[in-house]
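Peer 1: whatever this is, show me its structure:
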Amino acid sequence: MRAVFMGTPSFVTPILEALNSDHQVDVVGVYTPPDRPRGRGRAPDMPPVKAYALELGLAVYQPVSLRSTRVQEELKELRPDVIVVAAYGKLLPSPVLQLPPHGCLNIHPSLLPKLRGPSPVASAILDGLTTTGVTLMLLDEGMDTGPVVTQREYPLSSLETSESLTPALFELGTGLLMDNLPDWAAGRLAPNPQDHAQATVTHKLERSHGLADWTLPAEVLERQRRAYTPWPGLFTQWEGKVLKLLDVADLGSPTGTPTGAGNEPGLAVKLEEPGYPVGIATGQGVLGLRKVQLEGRRGVDAAEFLLGYPRFIGSRL
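Peer 2: Residues are numbered from 1 along each chain as shown. Predicted coordinates:
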C-alpha cells in the first residue's frame with residue numbers, strides 16, 4: 001500500500017514511524033508546512049515531522065497550500081493509495097480528498113462528534129471530562145465532520161495537562177490506525193456518518209485565555225492551568241509584571257484562610273497547607289500556589305518566592 005503522511009508536530013511522529021515500519025506500507029511522501037524563521041537570527045526552523053522524515057530517508061514536501069494545481073499534480077504523481085493526516089494544520093481541498101482510492105484518514109484526539117476543531121485536548125480538560133479518546137475518520141471538506149471509521153476511549157485522571165495528554169492520545173491513535181488500516185484497505189470496514197446534532201466545536205487558543213479571572217471558581221482555574229500547559233499557561237499581573245502560575249491546586253476553603261477572603265477574589269492570602277504557603281482567593285474557594293515564575297526570573301517554589309517577595313501576601317491581583 002502506497003501511503004502519504006501529512007503532519008507537523010513532534011507528537012505525531014510515532015504515527016509516521018509506525019507506517020514506515022509496516023512492511024505492507026510504502027511511505028512515498030511526507031507533507032508538512034514550510035520551515036519558519038525563529039530566534040534572533042531568524043534561522044529557518046524545520047517542523048519536527050520534516051526532521052524525523054529526513055532521518056528516515058523519506059521524501060518531504062512543504063507546500064504553502066494544497067490548493068494549487070501544481071501541488072496537486074505533484075501529489076498525484078506519488079500515486080498514494082491512502083493519505084494519513086494527523087495535526088497537519090491545513091484543510092484538504094476536494095481534489096486531494098478524492099485522489100487516493102482509500103481516501104484520506106485523519107486521527108483526531110477526541111470522540112467525535114464531540115470536540116471538533118483546533119483545541120480538543122485542552123477543551124477536554126477545561127470541560128472536566130472523565131473520558132476522552134481518539135477517532136479514526138475519513139476526511140471530507142468540513143472541519144472534522146467526516147464519517148467515523150472507529151474510535152478508542154481514554155480515561156482521564158484529573159491530573160493530565162495538555163502537554164502530557166496530547167502525546168498519549170496520539171500514541172493511542174497510532175495503535176488505532178495500524179490495527180484498522182489493513183481491514184480498511186481491504187474494504188472490511190464501513191465508515192459511519194457523524195450525528196451532527198451532537199457536535200461540539202472547540203476554538204483556537206489565544207494568549208489572552210491564560211489571564212486568570214479571579215472571579216471564577218478555583219476548580220475552573222486549576223483546570224485552566226492544566227489545559228493551558230504548555231501554552232498559553234495560566235498567569236496573572238503583579239506589580240506591573242507577569243506572574244506565571246506553574247503549579248496550582250483547588251484547595252476549597254483551607255485551614256487558616258482569613259475570614260472573608262473567599263469574598264475578595266484576587267487577594268493573596270497566607271496558608272498553612274503543606275506545599276502551598278500562599279493562595280489566591282477566587283469566586284469560589286482558594287487556589288493554592290505551589291510553583292510560580294515572575295517575569296524575567298526562573299520558576300521557583302512558592303515558599304522561595306515569598307522569601308524574596310514577602311509583600312506578595314495581602315496584595316490584590
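Peer 1: ok, Arg290 touching Leu245?
Peer 2: No: using Cβ atoms under 8 Å, Arg290 is not in contact with Leu245; the gap is 9.1 Å. Placement of C-beta: from N, CA and C, glycine included.
Peer 1: which positions in the host helix or strand of Gln151 come out as buried?
Peer 2: Gln151 belongs to strand 148-155 when assigned by DSSP states H and E. For strand 148-155, a neighbour-count test (16 or more other Cβ atoms under 10 Å) marks 148-152, 154 as buried.
Peer 1: show me what the helix or strand just after that strand is packed up against.
Peer 2: The helix or strand immediately downstream of strand 148-155 is helix 162-185, counting by DSSP H and E. In this structure, helix 162-185 packs against helix 13-21, strand 82-86, strand 104-108, helix 120-126, strand 131-138, strand 148-155, with contacts taken as 3 or more Cβ pairs under 8 Å, 6 or more residues apart in numbering; DSSP states H and E.
Peer 1: so what touches helix 162-185?
Peer 2: The contact list for helix 162-185, computed with Cβ atoms under 8 Å, 6 or more residues apart in numbering, reads 1, 11-12, 14-15, 18-19, 22, 24-25, 81-82, 84, 86-87, 102, 105, 107, 109, 121-122, 124-125, 132-134, 136, 149-152, 154, 156, 160, 189, 226-230.
Peer 1: rerun that using 6 Å as the cut-off
Peer 2: Outside helix 162-185, the residues that touch it by Cβ atoms under 6 Å, 6 or more residues apart in numbering are 1, 11-12, 14-15, 18, 102, 107, 109, 121-122, 134, 136, 150, 152, 154, 189, 227, 229-230.
Peer 1: now list the buried members of those residues.
Peer 2: Counted by 16+ other Cβ under 10 Å, the contacts of helix 162-185 give 1, 11-12, 14-15, 18, 102, 107, 109, 121-122, 134, 136, 150, 152, 154, 189, 227, 229 as buried.
Peer 1: so where is this protein shaky, pLDDT-wise?
Peer 2: Across the chain, the ranges flagged by pLDDT under 70 are 39-42, 254-263.
Peer 1: apply 50 and report the result again.
Peer 2: Counting by pLDDT under 50, the chain contains low-confidence ranges at 259-262.
Peer 1: show me the domain layout of it.
Peer 2: Structurally, the chain divides into domains by automatic domain parsing as follows: 2-198, 207-312.
Peer 1: between Arg290 and Leu245, which is the more surrounded one?
Peer 2: Taking other Cβ atoms under 10 Å, Arg290 and Leu245 do not tie; Leu245 has more neighbours (25 against 17).
Peer 1: distance check, Gly89 against Lys291.
Peer 2: Applying Cβ to Cβ, to the nearest Å, the value for Gly89 to Lys291 is 32 Å.
Peer 1: correction: Ala199
Peer 2: For Ala199 relative to Lys291 (Cβ to Cβ), the value is 37 Å.
Peer 1: before we move on, back to that, can you redo the helices and strands packed on helix 162-185 as a markdown table with distance to Pro37?
Peer 2: A markdown table is the format used below for the helices and strands packed on helix 162-185 (distance: least, Cβ to Cβ, whole Å):
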| stretch | distance to Pro37 |
| --- | --- |
| helix 13-21 | 22 |
| strand 82-86 | 25 |
| strand 104-108 | 29 |
| helix 120-126 | 27 |
| strand 131-138 | 33 |
| strand 148-155 | 36 |
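Peer 1: to Phe312, which of these lies closest?
Peer 2: helix 120-126 (27.5 Å; Cβ to Cβ).
Peer 1: can you list contacts of the closest one?
Peer 2: Against helix 120-126 from outside (Cβ under 6 Å, 6+ apart): 109-110, 115, 132, 162, 165-166, 202, 223, 226-227.
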